[in-house]
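[1] I'll drop the sequence and a predicted model, then ask my questions.
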Amino acid sequence: MTRIGMAAAAVVAGITSASAAESFNIGGVGKGTNETMMEIVGDGHMLLNTVSTYESFESSDASNPFKNMSGKCWGAVEIKVPSASGHGNCVFTDTSGDKNYNMWTAKGLAKGGALVGTWALIGGTGKYKNASGGGTFHSVTDRKAGTFVNTVSGALIVK
C-alpha cells in the first residue's frame, strides 16, 4: 500500500471510530440501602465510612445505559458543617451484565444536608470498556431508615 493509501485508510478509520461513539445523558435517580460507620470528632464535625447498595437506578430516558443498573459504592467522608470532603469508588452492573467503575468526590453539603459532589467513569467491561464520562451527584441519606436517594446528572460517551 502506498503512503497516500495508508494515510487515506488512517483518516477513514479515524472517521469511522469517531462516528461510532454515542453520547448519553446519564440523568436519573439511584435508590437503595446505606450502611454508615460514624465517628463524632466534635460539634458539627464527623467522620463517615459508608457503603451504599444501589437497588435501582431510575431514568425517564429509555436509552440511558445506567437505567435499572445495580451495584455498590463505598468511601470515606469528613463533614465539618457546613462543608464536606471525601472520595470513594463504585462498581455498577447494567441489565446486560456489563460493569462500569466510577470514582466519586464529595465537594460539600447542600441545604438540607445532602452530600454533593462529582463522579467520573474510570473503566469498565463490555460497552463501558472504552467509555468515558462524568457528572454530579446530590445524595440524601436517611440514617434511621438506612436508605438513600442519589440524584445523578452527567454524560457518558460509549465508543
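    Arrived safely, thanks for sending. Please read these numbers as outputs of a predicted model, since none were measured by experiment.
[2] Where does the prediction get shaky in this structure?
    Within the chain, the segments meeting pLDDT under 70 span 1-19.
[3] Please enumerate the helices of it.
    For the chain, the helices defined by DSSP state H occupy 3-20.
[4] Quick check: residue 158 touching residue 128?
    Yes. With contact defined as Cβ atoms under 8 Å, residue 158 reaches residue 128; the gap is 7.2 Å. (C-beta placed from N, C-alpha, C; glycine too.)
[5] Find residues that contact each of those two.
    The overlap between the contact sets of residue 158 and residue 128 (Cβ atoms under 8 Å, 6 or more residues apart in numbering) consists of residue 65.
[6] For residue 32, which residues count as its bridge partners?
    Under the criterion DSSP bridges, residue 32 forms beta bridges with residue 54, residue 148.
[7] residue contacts, it?
    Contacts of residue 32 (Cβ under 8 Å, 6+ apart): 52, 53, 54, 55, 56, 70, 147, 148.
[8] Mind doing that once more with 10 Å?
    Residue 32 is in contact with 52-57, 70-73, 146-150, counting by Cβ atoms under 10 Å, 6 or more residues apart in numbering.
[9] Of those residues, just the buried ones, ChimeraX syntax please.
    The ChimeraX selection below is limited to those of those classed as buried (16 or more other Cβ atoms under 10 Å):
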select :52,54,57,70,71,73,148,150
